[in-house]
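1. Below is the structure, and that's it, no one-letter string:
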């Protein structure tokens, strides 16, 4: 079957998920369009700033879409068209739900960061766990999203010695991240992101459109002999589950997004725009993932051919230049670069806010922001010297683990409202089995036998669901649906 059939069906499903399923999720949450948001009641001119809806959506998309929806789907394409199924189903029933609830629960809790949101819904133990886990993940994200774009920029500037070294771009990106972390959100991020959005659109529509114009989408992906089109086609025989579900994270479900959504929850003018911003940005990221998974499957006729092409960065360089020529290829690569850069800056910013929430240090004064940012960046610079592949693997697993906790948090919130929690608790159960099976089986984990890992992972998932159901009365009595707005008393 030609690739364009898979692509168009997947695209239609993603759009249908936004226009239909997101309304179900909005109703489940109980959005109140007349309720004042923290941006209005707690304005501080630094983090709590009312921004236009279109600008919040643009920032949210750029914040959440790092190299994950590019590198992940390229690697996921090794498994065949089943990668497209996970992008579609994951984005609709897990990723979009996860992003919407993490953003809107933060709105209800006065714009608090992720650990406090989880603390309100799952209790103080999870709050303390999420504080440490979130900061570690965010610093890892910041480091990963320095080295990846630095390498691509060095490749783009290969003809100019002064700008062709990776270390030069590492320094430049770190300097930008530092400024974006400590300055008010409307000074740099809200001003420079429109430029990043332009190159992002050039990349997405350019690569996606040229695949059709050049006829690549009319080619059929060739599965190995004896393997169905949706069967496991990985050349090394890695199991489809859970490996692919961790490999493709940001294009389907990503816990990193939950650390970013509270940043924009502090800028929301009203709750009416939450669905378009939080759920909508996830669907937009799913489309980006869809484009790159399809690119991997159409420009290479089989999984072995894609693997021989090299790593994801090599594939990105080839796809961009092959489809769009020298000039268009450079612009497309800059669009790919914009994704990690606009996630790395807010990763460090979100880490600063979490530390500020934990310590109670007001962020209105510049010296207080520097007090947190300077040691945090010192750690990031040290970690940037560690092998990229090692950091990336642990980032992928911790990313999905964080997403799993947030899904349980959202399910607890729905229990408190008296809604149908199964729409969230079932995806949470599935992801619990996925992350535990992965860390038990994977080379960077315990390296247990696959069957044993699956058995233990599924047992832990079933036990988690049983504990969740047994705590229903606790959720109904202790989970606050909202906090009273505190005018001019922003906690961070």
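-> Cool, the structure landed. Keep in mind it's a predicted model, so treat the numbers as computed, not measured. Numbering: from 1, shown residues only.

2. Does residue 421 touch residue 411 like I think?
-> Yes: at 4.6 Å, residue 421 and residue 411 qualify as touching, with contact defined as Cβ atoms under 8 Å. From N, CA and C alone the C-beta is placed, and that goes for glycine too.

3. So the two - more neighbours on which side?
-> residue 411 (26 against 23; other Cβ atoms under 10 Å).

4. what helix or strand does the more buried one sit in?
-> helix 388-417 (DSSP states H and E).

5. helices or strands next to the helix or strand following that helix in the packing?
-> As assigned by DSSP H and E, the chain's next helix or strand after helix 388-417 is helix 422-441. Counting by 3 or more Cβ pairs under 8 Å, 6 or more residues apart in numbering; DSSP states H and E, the packing neighbours recorded for helix 422-441 are helix 22-29, helix 96-108, helix 240-247, helix 388-417, helix 450-470.

6. what's the most buried one of those?
-> helix 96-108 (a mean of 28; mean count of other Cβ atoms under 10 Å).

7. and that one, what's its mean pLDDT?
-> Averaged across helix 96-108, pLDDT comes to 97.

8. name the helices or strands packed onto it?
-> So helix 96-108, by 3+ Cβ pairs under 8 Å, 6+ apart, packs with helix 22-29, helix 114-122, helix 256-265, helix 274, helix 280-299, helix 388-417, helix 422-441.

9. any idea which of the ones you listed scores lowest on pLDDT?
-> helix 388-417 (a mean of 87).

10. thinking in terms of the whole chain, how far from its middle is that helix?
-> 10 Å (Cα atoms, centre = their mean, to the nearest Å).

11. Now for this protein, the helix or strand with the poorest mean pLDDT.
-> Every helix and strand of the chain was ranked by mean pLDDT, DSSP states H and E. The lowest is helix 303-308, at a mean of 75.

12. Name the next helix or strand downstream of that one, please.
-> helix 312-359.

13. Run the angle between that following helix and helix 256-265 for me.
-> On the basis of axes from the mean of the first three to the mean of the last three Cα atoms, to 10 degrees, helix 312-359 is oriented at 60 degrees to helix 256-265.

14. list the helices and strands the helix or strand just after helix 312-359 packs on?
-> Sequence-wise, the next helix or strand downstream of helix 312-359 (DSSP H and E) is helix 366-383. When contacts are defined as 3+ Cβ pairs under 8 Å, 6+ apart, helix 366-383 sits against helix 124-156, helix 166-182, helix 312-359.

15. List of residues touching helix 366-383?
-> 139-140, 142-143, 146, 174, 177-178, 181-182, 348, 351-352, 355-356, 359, 361-363, 391 (Cβ atoms under 8 Å, 6 or more residues apart in numbering).

16. now these: which count as buried?
-> 139-140, 142-143, 146, 174, 177-178, 181-182, 348, 351-352, 355-356, 361, 363, 391 (16 or more other Cβ atoms under 10 Å).

17. any idea how far residue 414 is from residue 472?
-> Look at residue 472 and residue 414: by Cβ to Cβ, to the nearest Å, they are 11 Å apart.

18. what about residue 295, how many residues close to it?
-> 29.

19. who touches the residue lying closest to it once chain neighbours are set aside in this structure?
-> In space, and not counting its chain neighbours, residue 295 is closest to residue 319: 5.0 Å by Cβ to Cβ, 6 or more residues apart in numbering. Contacts for residue 319 (Cβ under 8 Å, 6+ apart) come out as 207, 292, 295, 299.

20. again, only using 7 Å
-> 207, 295, 299 (Cβ atoms under 7 Å, 6 or more residues apart in numbering).

21. Verify the contact between the last one and residue 210 for me.
-> Right, the one you point to is residue 299. No: between residue 299 and residue 210 there is no contact under Cβ atoms under 7 Å: 10.5 Å.

22. Now do the buried residues in stretch 48-56.
-> 48, 50, 51, 55, 56.

23. Verify the contact between the second one and residue 266 for me.
-> Right, residue 50. No: contact between residue 50 and residue 266 fails when scored by Cβ under 7 Å: they sit 9.4 Å apart.

24. list residues touching both of the two?
-> residue 39.

25. helix, strand or coil for residue 254?
-> coil (DSSP: H, G, I helix; E, B strand; the rest coil).

26. ok, now how distant is it from residue 261?
-> 11 Å.

27. quick one on the thing from earlier: and the helices and strands packed on helix 366-383: which comes nearest residue 279?
-> Residue 279 lies closest to helix 312-359 among those, at 18.4 Å (Cβ to Cβ).

28. how much does that closest one deviate in direction from helix 166-182?
-> Going by the same axes, to 10 degrees, helix 312-359 makes 30 degrees with helix 166-182.

29. OK, contacts around the residue lying closest to residue 92 once chain neighbours are set aside?
-> Among residues not flanking residue 92 along the chain, residue 17 sits closest, at 3.4 Å (Cβ to Cβ, 6+ apart). The neighbours of residue 17, taking Cβ under 7 Å, 6+ apart as the test, are 91, 92, 96, 283.

30. which one of those sits closest to residue 13?
-> residue 92 (7.3 Å).

31. What score does that closest one have for pLDDT?
-> On the pLDDT scale, residue 92 gets 98.

32. still on that earlier bit, and the buried residues of stretch 48-56 as CSV, adding pLDDT, secondary structure and distance to residue 315?
-> Shown next, in CSV, are the buried residues of stretch 48-56 (pLDDT from 0 to 100; DSSP: H, G, I helix; E, B strand; the rest coil; distance: Cβ to Cβ, whole Å):
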residue, pLDDT, secondary structure, distance to residue 315
48, 91, coil, 41
50, 93, coil, 41
51, 91, coil, 35
55, 89, helix, 32
56, 92, helix, 32
